[in-house]
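Trainee: Next input, structure requested:
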Amino acid sequence: MRASTLELVRNAQDHGYAVPAFNIVDEVSLRALIEAAEAADSPVIIQVSLKTARSIGVDLVGAMFDSAIRGTSVKAALHLDHCPDLAWITKVIDARWSSVLFDASDRDFDRAVAETAQVVRAAHAVGVEVETEIENIVGVEDGVGSDVLVHSYSPESLVQAAEDCGADLLAPQLGTAHGEYSGRPSLLPGRVREIRALTDKPVVLHGGTGLTQAEFRLLIAAGVSKINISTDLKRTYMRAAHKFLIDAAERDEWDPPSMFRSVSGAVRAMATHYFDLFGSAGQASGSTRA
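Mentor: As a prediction, this is how the structure comes out:
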């Protein structure tokens, strides 16, 4: 059964850890993450970019997810990541995924809040939760985003906007960026604490790949309870596939299922690292909010 994104993240918020949210690219990566989460007894959020949703199809992604969690004890939510397209948001809401991120960061403030409220009304009517992003987190991910900080607002404005539109989770700019870092980011744990002092809505960290263990723990201690990992999964997947293909060429042996097993093992190891680092390992059995 698909879990509630909000329930998983609020439990993390209450108990001082963060739930990893991984952007899958196919069924291999999806099943590897579910297997790793079950082994670690960790809640997990399976995220899908708009690019991947378009490539695979909303219904097929849902069927793959339901098949992967069937017969397991994993508490897993299915989430649409960064989506500025209202038509695709509607498709995912109609398919009853756990949650969506309506990315309105390319709109001006009033339009962003009004359209987010429209999404929230439609989503909540069928039990789907909404993450809001109205100030842009720099970097381009799967064709969505900007390398320039276009919209930035005060913590008070962000919280008021989330309250006004009824969003469930809040994704602010915290000094991180999507993609690979060319230098060290200037993180804003104080901003997390400001937001958490103003609202009970969970705070989401985007652009997690590339942060150090100390940086992750600093932000979790400040109050972040959902952390997105996309670039590291893609890098892990492609590097494992690349290594396998080099070895296959040297042996002149071509067996795709063996490559899938190799990639799956690499993705499981990556996920296990984040479950341990974010403190979510061992938490699934008790992931009912106290």
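Trainee: From here on, just use CA atoms for contacts and neighbour counts.
Mentor: OK.
Trainee: Sketch out the low-pLDDT regions of this structure for me.
Mentor: 137-151, 178-185, 286-290 (pLDDT under 70).
Trainee: Show me what the longest strand seen in it packs onto, helices and strands only.
Mentor: When every strand of the chain is counted residue by residue (DSSP state E), the longest turns out to be strand 76-83. Secondary structure elements in contact with strand 76-83, counted by 3 or more C-alpha pairs under 8 Å, 6 or more residues apart in numbering; DSSP states H and E, are helix 5-15, strand 44-48, helix 50-56, helix 58-69, strand 99-103.
Trainee: Just put those in JSON lines and tack on distance to residue 114 and mean neighbour count.
Mentor: Formatted as JSON lines, the helices and strands packed on strand 76-83 follow (distance: least, C-alpha to C-alpha, whole Å; neighbours: other C-alpha atoms under 10 Å):
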{"stretch": "helix 5-15", "distance to residue 114": "22", "mean neighbour count": "23"}
{"stretch": "strand 44-48", "distance to residue 114": "24", "mean neighbour count": "27"}
{"stretch": "helix 50-56", "distance to residue 114": "22", "mean neighbour count": "17"}
{"stretch": "helix 58-69", "distance to residue 114": "25", "mean neighbour count": "17"}
{"stretch": "strand 99-103", "distance to residue 114": "12", "mean neighbour count": "27"}
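Trainee: closest one to residue 226 among those?
Mentor: helix 5-15 (6.2 Å; C-alpha to C-alpha).
Trainee: Centre of the chain to that closest one, how far?
Mentor: 14 Å (C-alpha atoms, centre = their mean, to the nearest Å).
Trainee: about what we covered before: out of the helices and strands packed on strand 76-83, nearest to residue 231?
Mentor: So among the helices and strands packed on strand 76-83, strand 44-48 is nearest, using C-alpha to C-alpha, at 12.4 Å.
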